[in-house]
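A.B. asks: what follows is a predicted structure for the sequence shown.
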Amino acid sequence: MGNICRSPTAEGVFRDKVKQAGLEQRIEIDSAGTHDYHIGKPPDARAQRAALGRGYDLSALRGRQIHDEDFATFDYILAMDHDNLANLLRICPEQYQHKVRLYLSFSRLHADSEVPDPYYGGARGFEEVLDMVEDAAAGLLLDIANGPV
């Protein structure tokens, strides 16, 4: 929603997976919120702390809101939950709607379809988000390796 918890965590994790695969020059990665709550703000300190505990540095990331041109630019537009998915589909031009999916649709280990918002919870919620996005990041990278959307 505001691009300070789940989305930048997923961005940081995926950046790391892409770098490990030697593909950072070929894959463009960015995260954005569906709302304008935290434009220009760094990720939540709890998200940064949890991510850093696993070796992911989110400190350089800044919140932004999705732009119309993102739908044309990116091959994947991934939402963390059904509310954000609905918001994205509402603003997405029809010709790009096939790009919009749930992030956890790439998960191999989690049956959930949504990454829960950890903002109002405790530290365990941020660890749970990391567990989910690490798994989905691996699945997303496999999907990209298997060809275009």
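C.D. replies: Right, received. Where do you want to start?
A.B. asks: ok, now which ones touch I27?
C.D. replies: 18, 144 (CB atoms under 8 Å, 6 or more residues apart in numbering). (C-beta placed from N, C-alpha, C; glycine too.)
A.B. asks: ok, 10 Å please
C.D. replies: For I27, the contact set (CB atoms under 10 Å, 6 or more residues apart in numbering) comprises 14-15, 17-19, 21, 75, 141, 144.
A.B. asks: what of L85?
C.D. replies: L85 neighbours (CB under 10 Å, 6+ apart): 34, 77-79, 100-103, 113-114.
A.B. asks: that one: which element?
C.D. replies: Taking DSSP states H and E as the definition, one finds L85 inside helix 82-91.
A.B. asks: quick revisit: could you tell me which of the contacts of I27 count as buried?
C.D. replies: 14-15, 17-18, 141, 144 (16 or more other CB atoms under 10 Å).
A.B. asks: from those residues, which land in helices?
C.D. replies: 14-15, 17-18, 141, 144 (DSSP state H).
A.B. asks: which among those gets closest to Y56?
C.D. replies: Lowest distance from Y56 to these (CB to CB) belongs to R15, with 8.0 Å.
A.B. asks: per-residue confidence at the residue lying closest to that closest one once chain neighbours are set aside?
C.D. replies: Nearest residue to R15, sequence neighbours excluded (CB to CB, 6 or more residues apart in numbering): I29, at 5.4 Å. Listed pLDDT for I29 reads 97.
A.B. asks: now do the helices in this structure.
C.D. replies: Using DSSP H, helices in the chain cover 6-20, 45-53, 68-73, 82-91, 123-145.
A.B. asks: what is the orientation angle of the last one with helix 45-53?
C.D. replies: So the one you mean is helix 123-145. 60 degrees (axes from the mean of the first three to the mean of the last three CA atoms, to 10 degrees).
A.B. asks: so which bits of helix 123-145 are buried?
C.D. replies: So, applying 16+ other CB under 10 Å, buried residues of helix 123-145: 125-126, 128-130, 132-141, 144.
A.B. asks: greatest separation within the residues you listed: which pair is it?
C.D. replies: G125 and I144 (27.9 Å).
A.B. asks: one step back: adding pLDDT, write the ones in helices among the buried ones among the contacts of I27 out as TSV.
C.D. replies: Below are these laid out as TSV (pLDDT from 0 to 100):
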residue	pLDDT
F14	98
R15	98
K17	97
V18	97
L141	97
I144	94
